[in-house]
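*Asks:* predicted model and sequence follow; I will ask about them next.
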Amino acid sequence: MTLQKLQFQAGINKETTAYANEGGWIDGDKIRFRQGYPEKIGGWSKKTENQFIGSCRALKAWITLDLSRYVGIGTNLKYFIDDGGELYDVTPLRDTTAAGDITFSATNGSSEITVSDTNHGAVEGDFVTFSGATSLGGSITADVLNQEYQVDSIVDASSYKITARTASTALSDYYDGGSIDLTGAEVEANSSDTGNGGSSTVGAYQINVGVDTSVFGNGWGAGTWSRGTWNSAAALAILSQTLRLWQHDTFGEDLVINTRNGGIYYWDASSGLNSRAVALEDLTGASNAPTVANKVIVSDVDRHVIAFGANPLGSSTQDSLLIRFSDQENAADWTPSTTNTAGDLRIGSGSEIITAIETRQQIIVFTDESLHALQYIGPPYTFGINMISENVTIRSPNAAVAVEDNIFWMGQSEFYLYRGTVQPLTCNVKEYIFDNLNEDQAEKVFASINASYSEVWWFYPSGTSDNVDSYVVYNYEQNIWYYGTLDRTAWIDRGINDYPIAAATDGHVYFHEFGFDDGSQNPSVAINAFIESSPIDIGDGERFSYVSKLIPDMSFRNSAGASPTVTYTMKAFNYNGGNTLMTDDAAVVSTALTPIQQYTQKADIRLRGRSIAVRVESDQVGTTWRLGQPRIDVRTDGRR
């Protein structure tokens, strides 16, 4: 018996043909590498059965002074705080009407209610809570009206429609799969519902909802002012509505949050979980607080709240390159004086601040074409800023992440690393990822850390998908890449939690690296994981080889299943031509498919060819695995 060891380089390589990648891996899903050897990733389980609504694109975990552990959840519809599995709606209000400004009208036999409110300012999907209303006279009682509602449609600037539902029920009772389902809860008006709700109705409007998908338009009026000639149409599709992205940071035990290109808000933990965030400008003692920004950060070392892309002092117009900072240890005072450290500075290159990332030493600021370092220098200037690099791009506001003093990010066509200087990362799957990225929804790209495995993850929407469904991983310890498919919209590393947590499109937050299976269903289902190699030569020239035995070298570690199993598929090839990218098996001349269980020491197979490829996959609940160095029994088998 002549045993040949099958040795593979760590990581996946898609930058060359399968045959040129001999001795490497060419495809995989839901796998990672540990010390150079592939293994299945960990599973996930619901953090709570309670659901949020909307698409979550921001998570923030922190601990308060009383040791409560909170997670902030920002969606395109609302902002929630998770406390031990209970979700609290802290979405800020934009307006509260005077009593009597709102009236209602109903139609017999319909659950549709028309709400009249002059210059209401609502958009479809907004949320409003009514109080003080009286019965319309029939089935639309005061308890039916005095609840939180979502706006179904806009009639005009002074009226909109809602759907009447069961009295005295929380709207959150109808959260289902990330949206609201009122099926069976509608209340229909009858012939007695002729009133208007009385003269004491008050409406508390939450801030306008954002979109969960970037919207493009073309034709006349599309795009920014001065684009093209007068009265001309836009020839190309132009981004006209951007998705809602929350930015947030902690100020002590409190939370500072803002919507990108929108307002800045403050949530005071001491006010309790049933209190809402309020506009920064409405804080007690507030002085010239910015009302709009692209991002907010609380500088950990010097305790300033910093607003990037803010409106200047004395103006309500956003300056996309202006950086403003509050007085030290004071989130409310933004008026510069000789007795405080509030102030501002402006970046001189680019047209917009895209994002800012804090490291241990400094804050790195990304514009649309340059990179800058913001550092605390003390009075009288407080902060100084220096350009680091020009002609640097970033794919989206959430496409960068810090690992200690290093920053990793995805650009327009490259991956980058900053560690004092900007360096493009050599990526063996670059063309595959960027060719597969849905450019129209690139704002949904986000970066995350899984530090326990030395991994940076980028999640992105692939192909024509409007939703994030794929990921690519850079392992900075092993300097390798791998990728897969997974629908996650936000992720934060374990931090104060025992496991990393991530938000999914089904309205749930999940613990990751938890168990072995997909916990999105009950009971859990198997995670389908696989890895496939490029062909390895086992015969040269005119000589063929015959493979009769496989020694799998497979560890099932701590699998929970009674009989954990993976499937080995060995593919034999005659020629290293044809479909060398291995997008199908047209060149395969024979295949051996072998189940490998925990105590399988060897498997008898029959293969004949010049080269073979290996695929290992699993689809069994409770199974995890790690591949070592398999061996095959090979002997020369003569000419073709």
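*Replies:* Arrived safely, thanks for sending. Keep in mind that this is a model prediction, so the values were computed, not measured. Numbers count the residues shown, from 1 in each chain.
*Asks:* now the helices for the stretch 401-550 of the chain?
*Replies:* Using DSSP state H, counting those that start in this stretch, the helices of the stretch 401-550 of the chain run over residues 430-436.
*Asks:* that should have said the chain, apologies.
*Replies:* Ranges of helices in the chain, per DSSP state H, are 142-145, 430-436.
*Asks:* and these, which is most packed in?
*Replies:* When these are scored by mean count of other C-beta atoms under 10 Å, the highest mean neighbour count falls to helix 142-145 (a mean of 20). Just so you know, the C-beta spots here come from the backbone N, C-alpha and C atoms, and that holds for glycine as well.
*Asks:* tabulate the CA atom coordinates of that one in CSV.
*Replies:* Output in CSV follows, covering the C-alpha atoms of helix 142-145 (Å, rounded to 0.1, in the frame of the first residue of the first chain):
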residue,chain,number,x,y,z
ALA,A,142,-61.8,55.3,22.6
ASP,A,143,-59.7,52.2,23.6
VAL,A,144,-59.4,51.3,19.9
LEU,A,145,-58.2,54.7,19.0
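*Asks:* Gln9 contacts Glu22, correct?
*Replies:* No: counting by C-beta atoms under 8 Å, Gln9 sits too far from Glu22 to count as a contact (9.6 Å).
*Asks:* residue ranges with poor pLDDT in the chain?
*Replies:* Along the chain, segments meeting pLDDT under 70 span 1, 216-241, 540-542, 576-590, 638-640.
*Asks:* can you list the domains in it?
*Replies:* 3-40+531-639, 94-206, 246-397 (automatic domain parsing).
*Asks:* out of the ones you listed, flag the one nearest Ser452.
*Replies:* domain 3-40+531-639 (10.8 Å; C-beta to C-beta).
*Asks:* apart from its neighbours in sequence, what residue is nearest Ile527?
*Replies:* Of all residues not flanking Ile527 in the chain, Asp518 sits nearest, at 5.2 Å (C-beta to C-beta, 6 or more residues apart in numbering).
*Asks:* that neighbour: neighbour count?
*Replies:* By the criterion of other C-beta atoms under 10 Å, Asp518 has 18 neighbours.
*Asks:* ok, it to Val525 distance?
*Replies:* Asp518 sits 5 Å away from Val525, going by C-beta to C-beta, to the nearest Å.
*Asks:* ditto for Leu6
*Replies:* Applying C-beta to C-beta to Leu6 and Val525 gives a distance of 31 Å.
*Asks:* ditto for Arg69
*Replies:* 29 Å.
*Asks:* what's the answer for Thr2, then?
*Replies:* Counting by C-beta to C-beta, the gap from Thr2 to Val525 is 42 Å.
*Asks:* more crowded one of the two?
*Replies:* Applying other C-beta under 10 Å to Thr2 and Val525 shows that Val525 carries more neighbours, namely 13 against 10.
*Asks:* ok, that one - contacts?
*Replies:* 517-518, 621 (C-beta atoms under 8 Å, 6 or more residues apart in numbering).
*Asks:* among the residues you listed, which are in strands?
*Replies:* Asp518 (DSSP state E).
*Asks:* what's the closest of the contacts of Val525 to Ser191?
*Replies:* Comparing the contacts of Val525 against Ser191 with C-beta to C-beta places Asp518 closest, at 51.6 Å.
*Asks:* now do that closest one against Phe251, distance only.
*Replies:* Per C-beta to C-beta, Asp518 is found 37 Å from Phe251.
*Asks:* Ser105 too?
*Replies:* Counting by C-beta to C-beta - Ser105 and Phe251 are separated by 45 Å.
*Asks:* what of Phe516?
*Replies:* Look at Phe516 and Phe251: by C-beta to C-beta, they are 39 Å apart.
*Asks:* repeat for Asn311
*Replies:* On the measure of C-beta to C-beta, Asn311 and Phe251 end up 20 Å apart.
*Asks:* what do you get for Phe434?
*Replies:* Going from Phe434 to Phe251 by C-beta to C-beta gives 38 Å.
*Asks:* can you check Ile377 too?
*Replies:* Using C-beta to C-beta, we find Ile377 at a distance of 22 Å from Phe251.
*Asks:* neighbour count winner among these two?
*Replies:* The neighbour comparison of Ile377 against Phe251 (other C-beta under 10 Å) goes to Phe251, with 20 against 12.
*Asks:* the more buried one against Ile306, yeah?
*Replies:* No: applying C-beta under 8 Å, one finds Phe251 not in contact with Ile306, separated by 11.2 Å.
*Asks:* and for those two, which residues touch both?
*Replies:* Joint contacts of Phe251 and Ile306 (C-beta under 8 Å, 6+ apart) are Val298.
*Asks:* residue contacts, Gly198?
*Replies:* 132-134.
*Asks:* which one of the residues you listed sits closest to Glu186?
*Replies:* Ala133 (18.0 Å).
*Asks:* from Glu513, how far off is that closest one?
*Replies:* From Ala133 to Glu513 the distance is 49 Å (C-beta to C-beta).
*Asks:* name the residue in those two with the higher neighbour count.
*Replies:* Using other C-beta under 10 Å as the criterion, Ala133 and Glu513 rank with Ala133 on top: 26 against 15.
*Asks:* what about the more buried one, distance to Gly100?
*Replies:* Per C-beta to C-beta, Ala133 is found 11 Å from Gly100.
*Asks:* need the overlap of contacts for the two.
*Replies:* 200-201.
*Asks:* skip the chain neighbours and tell me the closest residue to Tyr546.
*Replies:* Spatial nearest neighbour of Tyr546, chain neighbours left out: Asp637 (3.9 Å); criterion: C-beta to C-beta, 6+ apart.
*Asks:* hang on, the one you found packs against Arg606?
*Replies:* No: between Asp637 and Arg606 there is no contact under C-beta under 8 Å: 11.1 Å.
*Asks:* can you list residues touching both of Gln9 and Glu22?
*Replies:* Both Gln9 and Glu22 lack any common contact, where contact means C-beta under 8 Å, 6+ apart.
*Asks:* with adjacent residues omitted, what lies nearest to Gln598?
*Replies:* Leaving out its chain neighbours, the residue that sits closest to Gln598 by C-beta to C-beta, 6+ apart is Phe556, at 4.9 Å.
*Asks:* separation between that neighbour and Phe33?
*Replies:* Phe556 is 17 Å from Phe33, by C-beta to C-beta.
*Asks:* and the contacts of Val525, which is closest to Asp89?
*Replies:* For these, the nearest to Asp89 is Asp518 (28.5 Å; C-beta to C-beta).
*Asks:* contacting residues around that closest one?
*Replies:* Asp518 is in contact with 43-44, 524-527, counting by C-beta under 8 Å, 6+ apart.
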